[in-house]
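Asks: Curious how this folds, go ahead:
(one chain, ligands or ions: 2)
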Amino acid sequence: MVNETPQVMTIAGTDSSGGAGMTADLNTFAAHGIYGANIVVSVTAQNTLGVQHVHMLPPDMVMAQLQSVADDLAIRAVKTGMLGDAATVKTVAQGLQQFNFGPLILDPVMVAKGGAQLLSDEAVATVRTTLMPLATLITPNIPEAEVLTGRTIQSPSDIMAAADRLHSFGTKNILIKGGHGNAHMVTDYVRLENGEHFWLQTTRFDTPRTHGTGDTISAAITAQLGLGVTLKTAIMHAKAYVDATIRDGIAVGHGHGPLNHFPKVTAENQPEVYDEI
Ligand SMILES: Nc1ncnc2c1ncn2[C@@H]1O[C@H](COP(=O)(O)OP(=O)(O)O)[C@@H](O)[C@H]1O
Ligand SMILES: Cc1ncc(COP(=O)(O)OP(=O)(O)O)c(N)n1
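Replies: Numbers count the residues shown, from 1 in each chain. Ligands and ions are numbered 1, 2, ... in the order given. Alright, predicted model coming up:
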């Protein structure tokens, strides 16, 4: 008898250039040796220069995909990426309550690196009220954390206050990603359900080839959870992995280029961990 292959799932939009969204998620799952199911909510015409067109799938088609997977597969962890609009957010929340797909990693994708809006303004409140209470972990970047909390973030204490506020919306664990800006170091902040909190710091790579970093770290966490590690270990592995995907880069396109989802991970990729910064 063959042991069941571990399975995880992404609920996201496609990226025709293959760098972000569902492709980044599936490549990340494959790089971790875990099987990935995929629920498509939107199709984007997109390249490394920007997003040219977005087509949302009807909510009943999203629900039909969720039903099909639930009827047959054994999903151990699920992540959401680009969800686009309030109707889709509501449908996904309904599906996640109806079916058991394991822990939810909520990547609240709002704006692509090129500036295109990937979540409508009215959908932000829906994410807050319907998905955040279901999520095991939310992974906003700084601008997304500002929108979700309604507060400006300018300092480490602002980041910690934002994490507390995000926690008050019902999400158990928080990872605020620090890729935006141009400081010499990139610093992510983690606040866990047990009250533990710490900063993860790595050297910033001075490169435009960072398309899909947010998708990739959240997919790596999802993959690790599917493989059975603790959330803290999953976050540490995922941080080292995303660092390697940038460090061991590839040259594709003329703008914000994609990552190398099959990189060499070395000791250099391990983040420094600080209780305070
Ligand atoms: N230039 C960079 N060098 C090193 N790490 C980066 C760089 N840009 C982003 N990261 C890391 O990639 C992950 C995703 O961060 P971020 O870019 O803020 O997310 P998003 O893609 O959602 O905007 C974080 O762990 C962040 O620290
Ligand atoms: C279809 C789709 N989904 C998500 C994104 C944004 O991905 P993210 O990982 O947040 O990365 P950047 O584009 O900001 O690097 C996208 N562009 N398209």
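
Asks: And ligand 2, is stretch 44-59 touching that?
Replies: Yes. With CB under 6 Å from any ligand atom as the criterion, ligand 2 is reached by stretch 44-59 at Thr44, Gln46. Heads up, the C-betas are built off the backbone N, CA and C, glycines and all.

Asks: Would you work out how far apart the start and end of that stretch are?
Replies: Terminal residues of stretch 44-59 lie 16 Å apart, using CA to CA, to the nearest Å.

Asks: hmm, that stretch in reach of ligand 1?
Replies: No. Figure legend: stretch 44-59 not in contact with ligand 1 (CB under 6 Å from any ligand atom); closest approach 13.8 Å.

Asks: outside of that stretch, which residues touch it?
Replies: 13-17, 19-21, 40-43, 82, 84-85, 87-88, 90-91, 112, 114-116, 118, 211, 252-258 (CB atoms under 8 Å, 6 or more residues apart in numbering).

Asks: filter these to the buried ones?
Replies: For the contacts of stretch 44-59, a burial check counting by 16 or more other CB atoms under 10 Å picks out 13-15, 17, 19-21, 40-43, 82, 84-85, 87-88, 90-91, 112, 118, 211, 252-253, 255-258.

Asks: Would you map the helices across the stretch 1-150 of the chain?
Replies: Applying DSSP state H, counting those that start in this stretch to the stretch 1-150 of the chain gives helices spanning 21-31, 59-72, 86-98, 121-126, 142-149.

Asks: okay, the ones you listed in CSV with mean pLDDT next?
Replies: Shown next, in CSV, are the helices of the stretch 1-150 of the chain (pLDDT from 0 to 100):
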stretch, mean pLDDT
helix 21-31, 98
helix 59-72, 98
helix 86-98, 98
helix 121-126, 97
helix 142-149, 96
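
Asks: out of everything not next to it in sequence, what's closest to Gly181?
Replies: The shortest distance from Gly181 to any non-neighbouring residue, by CB to CB, 6 or more residues apart in numbering, is to Ile142 (7.5 Å).

Asks: Repeat that for Thr80.
Replies: Counting by CB to CB, 6+ apart, the residue nearest Thr80 is Ile11, at 4.7 Å.

Asks: residues in contact with the one you found?
Replies: Asn38, Ile39, Val41, Val62, Leu66, Val78, Lys79, Thr80, Gly81, Leu83, Val92 are the contacts of Ile11 under CB under 8 Å, 6+ apart.

Asks: Give me the neighbour count for the second one.
Replies: In other words, Ile39. Ile39 has 23 neighbours, counted by other CB atoms under 10 Å.

Asks: Run through the bridge partners of it.
Replies: Beta-bridge pairing for Ile39 (DSSP bridges): Ile11.

Asks: Does it touch Val69 like I think?
Replies: Yes. Contact criterion CB atoms under 8 Å: Ile39 and Val69 qualify, at 6.9 Å.

Asks: any shared contact partners between those two?
Replies: Met9.

Asks: one step back: scan the contacts of Ile11 and report the most crowded one.
Replies: For those, neighbours tallied by other CB under 10 Å; top is Leu83, 32 neighbours.

Asks: measure that one to ligand 2 for me?
Replies: Distance, Leu83 to ligand 2, by CB to the nearest ligand atom, to the nearest Å: 9 Å.
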